Structure formats: structure tokens, C-alpha cells
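Undergrad: I need the structure of the sequence given here:
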Amino acid sequence: MKKDVLIVAHYTSDLESRWSIRFNYLAELLAKNSFHVELVTSSFSHFQKKERDPILSDNCEYKITYIPEPGYSKKVSFKRLYSHSVMSRNLKQYLKDRYKPDVVYCAVPSLQVATVAAEYAKKNSIPFVIDVQDLWPEAFKMLFRVPLIKDIVFRPMEKRANYVYSLADQIIAVSKTYADRAAANNSKCKKPLVIFLGTDLKTFDKLSEESILDEKPGDEIWLAYVGTLGHSYDLTSVIDALKASKDKGFNNIRFIVMGDGPLGRYFQKYAETQGTLATFTGRIDYGKMAGILKVCDIAVNPISKGASQSIINKHADYAAAGLPVLSTQECPEYQELVNKYEMGFNCKNNDPNDLADKLLLLVQDENLRKNMALNSRRLAEERFDRSRTYGAILETIEDVLLNKT
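TA: Below you'll find the predicted structure:
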């Protein structure tokens, strides 16, 4: 008889690109390995900020259930917290009427939804596995400049996070940094599992070849950025570094920015003011992004000072594309990867001159650029390829079920 795995994940992909998000990919992997899988997620698309179309789930190999959520327009807002609260209440009602699964696999965050899943598992003596994707409230604290105020505001959220971590029978996380944070509040899980978000290299390569860009000027060096245009990413320093490079006579470096966010217009205007070569594509589909990345020369990972990010999606995409990386990220875990694989340079945070110096090292030395590109792709094959790494998640779920019996 097939074992029943209930995946609770507040944030999942829009189904037309369901392979690209961790939990959709994992649900499909489990279904292909003889598990009965139900993925419970929100009716609201966090990425597109609109209601999902449930018809898109008809061709999945697993069941998808959409829990009603009213939605919100801003990433950080009281309306978002209210929206989460409504979804958590609706989830609680849904689980009350659902038959008991053999294991609950839950994404963290959001914390309100994860709390409902954790208490449901505890009440019904069901093994509870968490998968830590981000650290809340740490991810939001950098937006508040006054330490005392932010500690008071976020203390309830921190207690909720610690409570969810404490109830897990097994901890999985997208980085060691996140795994250690969760394990510090858990007495049951002795060996957390670290599995990077990653990507499916076979799919990435196929999509990038299908969408390869053939209109890049031969005399330009393209510096790529992929992701949110928000406060956690210091694109201002990148633009300043490009301005410094231009002032030294390097007029052929183009900044390719793929993504959108609350600071999109500001960054675009700033690039124009500084007179740098920059192309802002806005939000584009994953295949087109992969095709553009493959023809870029260098990638930049400009994480703002104090940000909580650890190993994130763009790391996998840059490595899959085989790009040397200029990183300002303070997280030691990613810095160690950059150094170990010799696939780029760690730069001083919020220091455009240091960033410019290391950018020009790569611009002027084609052999160095090519060698670091090869090392970056090797990192993707060894640590970011889901077809190789996600098997460990499957084994962990099997072990949890075995210990249950």
C-alpha cells in the first residue's frame, strides 16, 4: 500500500513552471517513487500577486489542493500578515476533515501556516518534517533601523518560529546556516539535512539552448543579475562599480538585470543617471532567463549588508549557466563555496571600488574568466543538481516512515 505524504507549502510555483520550485519538484519525485502525494498550498500566487488557475494542476502526477487566501500586494505589509492568518485558519479546517497522512512535510515559512501543520501533526502523532527555506523574522529585521523597536515587533514571530522548529522530528534546510538555526531549538533532530535549493541541470540546459540569445554584441561584456529588485539586494553598489569601471575607460560592460520588485524603477533610474550600460528585462519566464544567462560573461550576487540570505535560487542559476560570480554576500557559507571552488571573488560589502577592481580582473583576463566559469559549472553539477541531491530528501522521508513503524 502506498504511503501518504502530505506536503504543506505556502509558497509554490505557478504550475506552468512547476518543476522550478522545490516543493512541486519534490512532490513529483515522490509520486514517481510510489508515494501518494498531496501538495497543499495557497490559492494566491505570491509571485504574480493574483489568484491561481486551478485548471493548471490537472496534469500533475500528484494531487494539489488550494487553500483560500485573500492575497496582498506588498511583500512587507499588515495585509500580508492578515492574508496568512486567513489561510492558516482555512488550512486548519481543511486538515480537520482530511484523513491522516503517514507523514507531514512542511515548508517554513510562512510561520502561521507552519504552526497549523505542526500542531496538526503533534495532535495526531504524525511524523513532522520541516524544510527551512528562509529565516523569519530575521529576513524582515533589516528593514527596521532601531534595534529595540525591531526586537519588540518581531519577538512574537521569533517565538512562533522557535515553536515550529521544536516540534520537528526531522529538519531539512536549504543551507547549513538555516539548519543550525532550526536545530538550536530542537532536541529531537540530531542530524539536520542540508539540501541546496538547486535546479534540474538537464532541464536548465534544455531550456537555455531553446532560448539562447543570438543578438549579443561581440565587443560587450555582460554582467548578469537575476532576482528581486528590493532592499535585500545592493544594485546601487553594482551600478557605482560600473560607473567606476567606465571612468577607467571600460565602456563595454553591460549590466543585464532580470527580475522586478519595489525598487525596480529606482535602480533603473539610477543606472541612467550614472550613465552606465544597463538593460532591465523585468520579470521573464525561467527559460528565457536561462537563455540570457548562458550568453552572459559574469554574474553578480550583491546581497545587502545585514541580509539573512544564505544559499539561494540565484546561486544555482549562476552555477548552472557556468558564470564566474562577484559576491558581496556576508554569509560565510556561500563565501566558502566561492573560495573552495575558485569560481569567482568575494568582495567587500557596500564597497563599489572593491567590486569594480575584481570585476576588471575578470574583464581583462579571459583565461581567468573561463577557468572560473568551468569551476562554477562543476559546483552546479556537484552541489546544485536536483537529480543528484534530492534523492537524500526521499531517503529521509523513507527513514522517518520506517522509524514510525
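
Undergrad: and D134, which of the three is it?
TA: Secondary structure for D134, judged by DSSP: H, G, I helix; E, B strand; the rest coil, is coil.

Undergrad: is it in contact with A107, as I believe?
TA: No - look at D134 against A107 with Cβ atoms under 8 Å: they stay out of range, at 9.4 Å. (C-beta placed from N, C-alpha, C; glycine too.)

Undergrad: neighbour count winner among the two?
TA: In this comparison of D134 against A107, neighbours counted by other Cβ atoms under 10 Å, the higher total goes to A107 at 24 against 20.

Undergrad: off-centre distance for the helix or strand hosting that one?
TA: Element membership of A107, judged by DSSP states H and E, is strand 103-108. Put simply, strand 103-108 sits 17 Å off its chain's centre (Cα atoms, centre = their mean, to the nearest Å).

Undergrad: then stretch 203-222?
TA: 23 Å.

Undergrad: if we can go back for a sec, the strand holding A107 pairs with which strands?
TA: Paired strands of strand 103-108, with direction, are strand 4-8 (parallel), strand 128-132 (parallel) (DSSP bridges).

Undergrad: got a list of contacts for the following helix or strand past it?
TA: Later in the chain than strand 103-108, the nearest helix or strand by DSSP H and E is helix 111-123. For helix 111-123, contacts defined as Cβ atoms under 8 Å, 6 or more residues apart in numbering pick out 8, 10, 84-85, 87-88, 91-92, 95, 104, 106-108, 126-128, 130, 136, 157, 160-161, 163-164, 167-168.

Undergrad: which among the residues you listed count as buried?
TA: In terms of neighbour count (16 or more other Cβ atoms under 10 Å), the buried residues within the contacts of helix 111-123 are 8, 10, 84, 87-88, 91-92, 95, 104, 106-108, 126-128, 130, 136, 157, 160-161, 164, 167-168.

Undergrad: could I have the CA atoms of stretch 297-315 written out in CSV?
TA: These are the backbone C-alpha positions of stretch 297-315, laid out as CSV (Å, rounded to 0.1, in the frame of the first residue of the first chain):
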residue,chain,number,x,y,z
ASP,A,297,30.1,36.5,-19.1
ILE,A,298,30.0,37.2,-15.3
ALA,A,299,27.3,37.2,-12.6
VAL,A,300,26.9,39.4,-9.6
ASN,A,301,25.5,38.4,-6.2
PRO,A,302,25.0,41.8,-4.5
ILE,A,303,23.5,40.9,-1.1
SER,A,304,22.9,43.9,1.1
LYS,A,305,24.7,44.3,4.4
GLY,A,306,22.8,42.6,7.3
ALA,A,307,20.6,40.5,5.0
SER,A,308,19.7,37.0,6.2
GLN,A,309,20.0,35.2,2.8
SER,A,310,22.2,32.1,2.8
ILE,A,311,22.2,29.7,-0.2
ILE,A,312,19.5,30.9,-2.6
ASN,A,313,18.0,30.3,-6.1
LYS,A,314,20.3,32.7,-8.0
HIS,A,315,23.4,30.8,-6.8
